[in-house]
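Enquirer: sequence first, then the predicted structure, then my questions.
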Amino acid sequence: PALVLGAFAWTGRRRYGPFFLALVLLGVLVMAAGFPEGTPLRDGLNFTYNRVEATHFLRTSYKAGPLVAMGLAGLGGLAAAAAWDRVRGAPGRVALAAGAAVLLAVAAWPLVRGDAPDDQLLWKRVPAAWTAAGRDLDRDLPAQTRAVVAPGELFAYPRWGGTIDPILPALTERPVAVRNIVPFADLRAIDAHWEVDRLVGQDRLVPGQLAPLLRWLGAGALLANADGDITRSAQPPPADAARVLARQGFGSPDRAYGPARRRLPGAGEVADPAALPVVRRYDVAGGRRIVRVASRRRPTVVDGSAEALAGLAAFGALPATVVYAADRFPAELRRAAADGADVVISDSNRRRVFVPSRLEQNFGWTLGPDEDPSEDAAMLNPFAGRGSDAQTVALYGGARLRAPFSPGGEQYPEHRPYAAFDGDPRTAWLADRHLERSRRWVEIEFPRPRDVPFVDVLPENDRYGTVRALDVAGRQVAVRPGWNRVALGRRGLRRLRVRIADVDYPPGLAAGGAGGLYEVRVPGLRVRERLRPPVLAERALAGRDLSHGSLTYLFGRTAGDEPFRRGRFTGPPQARLVADRGDGETGLARTFRPPAPRRFSADAWASVSPRAPDDALDRLAGAPGPARFTSSSRFEGRPGARASSAFDADPRTAWLGQWVERAPAWIAWETPAPLTVTRLRLTHPPDVVRFPIRVRLTVEPPTAT
């Protein structure tokens, strides 16, 4: 199209010059409207995109680039035509024509060479491993079951050619479920499938959780591939995914296709490479039929979403018949309870941002019942028509909190607004660097007018940015590292907004952070956050006799990816690296109202805090001996990597610490009585990345008694 427009302009239709200039300006305007977030241009683009269906092909604003190319081509044609008219004589016109021909040849060179499509999009044939896998599924996959591919990917990018769409559904007549960036099914089905894929891809599974979920999805086979280009597909490294599946009992595959090749673990992993074939298949016995007849009597009523089903699978098999409370009228729920239905109320279906273009850190923090994200945000809510009563929402005692944020990048719930008001100086709210500067604020709204003589503020400073100035309730003040008292003298204040006004970056830093706040303390104010699960079942069954069935409350804490692998230390928070992710909750704070008085028992999966002292774990494990062993940290918080593992005379165990910049790793032991040490021997564990070449030994003299 650009060449056609250029030739059209060359013919002398110069009155179209303003049209070509308008194309260039429009294309540049649309592409520039994407950043920063919060500008009028971006808001206008979002408004148009969400309301005019014809603009949906512009899912991302850079797709307006061809408008710029065509406009420039047209202007180039006009310029060439004008130059043609100005040049006199055959030699000059020949030179001009030759220049135009050279320019055309250079622009068309990829077409001449035959590589105009990118190399990664081309392939001559589908590898035999994939065709064989599809053929076997056609032959022996149990009837009325499906093949599930896990973990999924945003785009299909095998190393042999970028197919963009998943390849397996095109190679078999059997149903295939594979996570991709675009959802095509009903949101209830998408929610269930993507939840299972998230558990695998983000390493969130507890022992024995995957198999019942696969059977509940109607899976007759689980397939995993190892030939993806993870830099383009965003899927987890195949070796890491293989370890996750092996811990769930999917170790040695029932079928293997293609040659086994050495696959390295992901960055930061302490593991050996894995030899994996192109495609692995694991048969799943006992999967439900895709089309089936279920009894309407005594179903399990779930008030929540598919995350609740995953939680039930963590504690055993899933029920045969499940209905969502959000899909039933209150009278139907009461009839089901009268028939003895089991009721499960879960803190799932949270009111939070979902980022479909990410496979890591793709859920934001839980929002309040009347709090909506920006217009360009996505929310995975299968029951949008039931409002916030069908969702888990955040409730705050003492105040309401809010702060703008970008809903398109990785999400870090541990840096939500509450982190600046939770009374813990170890947690921090971070302003979003993708927002324009005027929107980098956090606001607290009081339930009634309040006198605020001053506030104490503790800025978050690291090597990605130092906060130098804040705008507090409309007053700009300079701040320094550490606690700062800002005098306000305001009476009857309803809202207090703190904006990051200025951040200083170190020399040579290309992209810094936007600043943040560890704590904001308002005199006499204490803020508490609690999550409230959906209330549809509680309200419908209030005062009813539920003795014929069970009532279960199923709660899970807000945790980042790979929640069972947490180090004590992380990198600079303002860097916003996925490797430094944390947890939005280290415990549970929920508010709920059972429909009727009941006696409850508790069951839970728990993990060890990375801050737990090593010697406390020794006491919990019943370690013998009076000696006390401690260390600076444990790698990924693993209990087995604690200090005493270096002194147990077992070569299979070792103390593994974290290597943190400017924070040396150390290990220590203490005995109740003095000991004579004549030799100290350090042994290299087989799977350690770093091993010290120089150590410092510090000995404390015995305490006098």
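Expert: Sure thing, it's come through.
Enquirer: skipping its backbone neighbours, what lies nearest the residue sitting nearest the centre point of the chain in space?
Expert: Centrality entry for the chain: nearest residue to the mean C-alpha point is residue 361, 1.3 Å, by Cα atoms, centre = their mean. Leaving aside its chain neighbours, residue 361 sits nearest to residue 410 (4.0 Å; criterion: Cβ to Cβ, 6 or more residues apart in numbering). Every residue, glycine included, has its C-beta placed from N, CA and C.
Enquirer: can I get the CA coordinates of stretch 152-172 in PDB?
Expert: The C-alpha coordinates for stretch 152-172 follow below in PDB (Å, rounded to 0.1, in the frame of the first residue of the first chain):
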ATOM      1  CA  GLY A 152       0.700 -23.200  28.400                       C
ATOM      2  CA  GLU A 153       2.100 -20.200  26.500                       C
ATOM      3  CA  LEU A 154       1.000 -16.800  25.300                       C
ATOM      4  CA  PHE A 155       2.000 -17.500  21.700                       C
ATOM      5  CA  ALA A 156       3.100 -20.800  20.200                       C
ATOM      6  CA  TYR A 157       6.800 -20.400  19.200                       C
ATOM      7  CA  PRO A 158       8.500 -23.800  18.600                       C
ATOM      8  CA  ARG A 159      12.100 -23.600  17.800                       C
ATOM      9  CA  TRP A 160      11.300 -24.900  14.300                       C
ATOM     10  CA  GLY A 161       8.900 -22.100  13.400                       C
ATOM     11  CA  GLY A 162       6.500 -19.600  15.000                       C
ATOM     12  CA  THR A 163       3.000 -21.000  14.500                       C
ATOM     13  CA  ILE A 164       1.500 -18.300  16.900                       C
ATOM     14  CA  ASP A 165      -1.500 -20.500  17.400                       C
ATOM     15  CA  PRO A 166      -1.000 -23.800  19.300                       C
ATOM     16  CA  ILE A 167       0.000 -26.600  16.900                       C
ATOM     17  CA  LEU A 168      -1.500 -29.700  18.600                       C
ATOM     18  CA  PRO A 169      -5.200 -28.800  17.900                       C
ATOM     19  CA  ALA A 170      -4.400 -28.800  14.200                       C
ATOM     20  CA  LEU A 171      -2.800 -32.300  14.400                       C
ATOM     21  CA  THR A 172      -5.500 -34.300  16.100                       C
END
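Enquirer: number of nearby residues for residue 326?
Expert: 24 (other Cβ atoms under 10 Å).
Enquirer: that one contacts residue 534, doesn't it?
Expert: Yes - counting by Cβ atoms under 8 Å, residue 326 touches residue 534, with 7.3 Å between them.
Enquirer: quick one: common contacting residues for these two?
Expert: Shared contacts of residue 326 and residue 534, defined by Cβ atoms under 8 Å, 6 or more residues apart in numbering, comprise 303, 349, 390.
Enquirer: most neighbours out of those, which is it?
Expert: residue 303 (31 neighbours).
Enquirer: just the shared contacts of residue 326 and residue 534: which are in helices?
Expert: Among the shared contacts of residue 326 and residue 534, none falls in helices (DSSP state H).
Enquirer: mind checking the backbone torsions on residue 636?
Expert: The phi and psi values for residue 636, taken as degrees, to the nearest 10, are phi 60, psi 20.
Enquirer: pLDDT at it, what is it?
Expert: Residue 636 is assigned 91 on the pLDDT scale.
Enquirer: residue 697 versus residue 679, what's the distance?
Expert: With distances taken as Cβ to Cβ, to the nearest Å, residue 679 is found 12 Å from residue 697.
Enquirer: ok, residue 368 next?
Expert: For residue 368 relative to residue 697 (Cβ to Cβ), the value is 54 Å.
Enquirer: low-confidence bits of the stretch 151-300 of the chain, can you list those?
Expert: Scanning the stretch 151-300 of the chain for pLDDT under 70 picks out nothing.
Enquirer: can you show me the strands along it?
Expert: Ranges of strands in the stretch 151-300 of the chain, per DSSP state E, counting those that start in this stretch, are 176-178, 219-225, 255-257, 261-263, 274-276, 279-283, 300-303.
Enquirer: got the ones you listed as JSON lines, with distance to residue 322 columns?
Expert: JSON lines is the format used below for the strands of the stretch 151-300 of the chain (distance: least, Cβ to Cβ, whole Å):
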{"stretch": "strand 176-178", "distance to residue 322": "18"}
{"stretch": "strand 219-225", "distance to residue 322": "17"}
{"stretch": "strand 255-257", "distance to residue 322": "31"}
{"stretch": "strand 261-263", "distance to residue 322": "37"}
{"stretch": "strand 274-276", "distance to residue 322": "35"}
{"stretch": "strand 279-283", "distance to residue 322": "25"}
{"stretch": "strand 300-303", "distance to residue 322": "5"}
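Enquirer: which of those sits closest to residue 693?
Expert: strand 261-263 (28.5 Å; Cβ to Cβ).
Enquirer: quick one: contacts of that closest one?
Expert: For strand 261-263, the external contacting residues (Cβ under 8 Å, 6+ apart) are 226, 237, 238, 239, 242, 273, 274, 275, 276, 277.
Enquirer: give the buried subset of those as a ChimeraX selection command.
Expert: With 16 or more other Cβ atoms under 10 Å as the burial test, the buried ones among these are selected in ChimeraX as follows:
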select :226,237,238,239,242,274,276,277
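Enquirer: I'd like the contacts of strand 261-263 written out as CSV, with distance to residue 589 added.
Expert: Listed next are those as CSV, based on distance: Cβ to Cβ, whole Å:
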residue, distance to residue 589
226, 42
237, 35
238, 38
239, 37
242, 37
273, 42
274, 40
275, 46
276, 42
277, 46
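Enquirer: greatest separation within the contacts of strand 261-263: which pair is it?
Expert: The largest separation in those, counting by Cβ to Cβ, is between 237 and 277 at 15.6 Å.
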